[in-house]
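**Student:** Fold the following, please.
(one chain, ligands or ions: 1)
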Amino acid sequence: MQSSQDLTEDTVRVDAARCPVGPLGTPFDAQFFADPYATYRRLHTEGPVHHIRTPDGVEAWLVTRFSDVRKGLGDHRLVRHVRHAKDTYHRFPLPVEFTKSLVREDPPEHTRLRRFMNMAFAPRRVRALRPRIVEVAERLVDELGEHGETELMASYAAALPIEIIADMLDIAQEDRASFRRWADVILGIDPEEMREGGIGMLKVLTDLIERKRAQPGDDIWTEWLEGKDDQGGSLDQHELIGMGFMVLLGGYDPTAGVIGCAIHTLLQDPALAERLRKEPELMEDAVEEFLRMFGSNHTAARRFAAEDVEIGGVTIPAGDTVLLSLGAADRDALQFDEPDTFDIARNNNRHVAFGFGPHYCPGTELARIQIAVALEVVLRRLPEMKLTVPAEDVRLRPAYFIRSPVALPVSY
Ligand code: HEM
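**Tutor:** Alright, predicted model coming up:
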């Protein structure tokens, strides 16, 4: 039995002090965090597959070309279950209750869990959330006051998705602040804080499940508690906790990252901001282009080669770790003309920001609505908004899985 949860492994940030010095280089270095797109350009010229070491010390094959990444995401030989990994692969500690999660399973077990996850994202439920998303976005702007300065990642870009996810999971108001703190430390680098955050979150989820068992309602928990798989089976307690954990972490951080990167772009491009204000019908295409350029997952979650697999002319031995770089794939000039240019009229914008294949993100519609609403509201309500630091001083968080500005200090 493993004692870790893959989402956490996959979102681990760089801790230079803990990085073993190895024979392989890492592309995830200070230069990468300063400008990942320059690194992607370099990787594209060097070849389709790169033997690297991740900053937390794992040896891996980084796949960067769009066609290879898309194929890899759908390749049943590239699997998620850690039993296929070599013994040298290491993990991060979280409570055992978080381990039964669909991100670390493969079909058929994954298919069973995914059926329950899809219940949470039934179109009826997601569409019904739109008015609430608008209401929260408007309220967050109201709370900023008429004029002043704020750090927009915390006060808006992250606050919106955390509120919506907390609504979906029916987290009590008094638990929401702790929930956000725990989510942040679980996605952080300190193993002790991670463990404590995990324990705190576990308690909230366990109490919630108990409450929902006693008082079913029209909500996700009740569907998960009452739903059946193909064989008539139900989710067990660990699986229920795993579902809540995945929705919380998967739903909050990547959405906040894209909203933050998109606002950063708009702050630097007033003409684009003005165009979106005047032609709101362009917002849908703009969101797709923001997702392609800044889709917050630099790479897909780790895969392991279940057998020897050839990718881009390189044979990856069974048991090795494979990282499919979604960020590099979506900036591949072989797939997208002028990939580093924001082009709202781009044809056939079939990016992989949400992945592809069996693990394709189930939260796509919810994410798209949240990004569109967040941008519409901020453009309309804060037309005078400006960065209070030079644009190049806005740093990306030093995380090589999730891309997100550390802070967006603005005046409005
Ligand atoms: C802009 C926002 C988002 C982005 C860029 C994003 C991206 C992704 C990607 C790339 C994957 C696949 C990872 C892989 O194949 O290894 C994924 C999976 C997942 N996402 Fe999202 N996501 C976003 C928003 C959301 C939201 C709003 C939710 C839920 C509320 C969510 C829940 C999940 C879950 C549960 C999985 C695992 C699916 C599985 O393993 O079958 N995501 N997401």
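**Student:** What residues does this protein have near the ligand?
**Tutor:** By Cβ under 6 Å from any ligand atom, the part of the chain that sits against the ligand consists of 73, 102-103, 114, 117, 165, 246-247, 250-251, 254-255, 258, 295-297, 300-301, 326, 353-355, 359, 361-363, 366-367. Any C-beta I mention is one placed from the backbone N, CA and C, and that applies to glycine too.
**Student:** okay but Arg41 is in contact with Ala328, surely?
**Tutor:** No: under the criterion of Cβ atoms under 8 Å, Arg41 makes no contact with Ala328, lying 9.0 Å away.
**Student:** The residue of the stretch 101-250 of the chain found nearest the ligand: which element?
**Tutor:** Nearest to the ligand, among the residues of the stretch 101-250 of the chain, is Gly250, at 3.2 Å (Cβ to the nearest ligand atom). Here Gly250 is covered by helix 237-268, with elements defined by DSSP states H and E.
**Student:** What mean pLDDT does the helix or strand just after that helix get?
**Tutor:** On the C-terminal side of helix 237-268, the closest following helix or strand by DSSP H and E is helix 270-278. Per-residue pLDDT over helix 270-278 has a mean of 97.
**Student:** now the helices for the stretch 151-300 of the chain?
**Tutor:** 152, 159-168, 173-186, 191-214, 220-226, 237-268, 270-278, 283-294 (DSSP state H, counting those that start in this stretch).
**Student:** Tell me how many other residues surround the residue of the stretch 301-412 of the chain found nearest the ligand.
**Tutor:** Proximity of the stretch 301-412 of the chain to the ligand (Cβ to the nearest ligand atom) peaks at Gly363, 2.3 Å away. By other Cβ atoms under 10 Å, 22 other residues sit near Gly363.
**Student:** The residue of the stretch 151-300 of the chain found nearest the ligand: how many residues sit nearby?
**Tutor:** The ligand sits closest to Gly251 of the stretch 151-300 of the chain, with a gap of 2.6 Å, by Cβ to the nearest ligand atom. Number of residues near Gly251 (other Cβ under 10 Å) recorded here: 26.
**Student:** Val79 is nearest to which of the helices of the stretch 151-300 of the chain?
**Tutor:** Closest to Val79 of the helices of the stretch 151-300 of the chain is helix 237-268 (Cβ to Cβ; 17.8 Å).
**Student:** can you pull the contacts of the residue most central in space within the chain?
**Tutor:** Nearest residue to the geometric centre of the chain (Cα atoms, centre = their mean): Pro254, 3.2 Å. The contact partners of Pro254, taken as Cβ atoms under 8 Å, 6 or more residues apart in numbering, are 295-297, 367, 402.
**Student:** Closest one of these to Gly198?
**Tutor:** For those, the residue nearest Gly198 by Cβ to Cβ is Ile402; the value is 17.7 Å.
**Student:** Correct me if wrong: that closest one contacts Leu187.
**Tutor:** Yes: judged on Cβ under 8 Å, Ile402 makes contact with Leu187 at a distance of 7.1 Å.
**Student:** isn't there a helix covering Trp61?
**Tutor:** No: under DSSP: H, G, I helix; E, B strand; the rest coil, Trp61 sits outside any helix and is assigned strand.
**Student:** what's across from it in the sheet?
**Tutor:** Beta bridges link Trp61 to His51, Val322, judged by DSSP bridges.
**Student:** Make 32 the first number, not 1, from now on.
**Tutor:** Okay, residue one is now 32; in that scheme the one you just asked about reads as Trp92.
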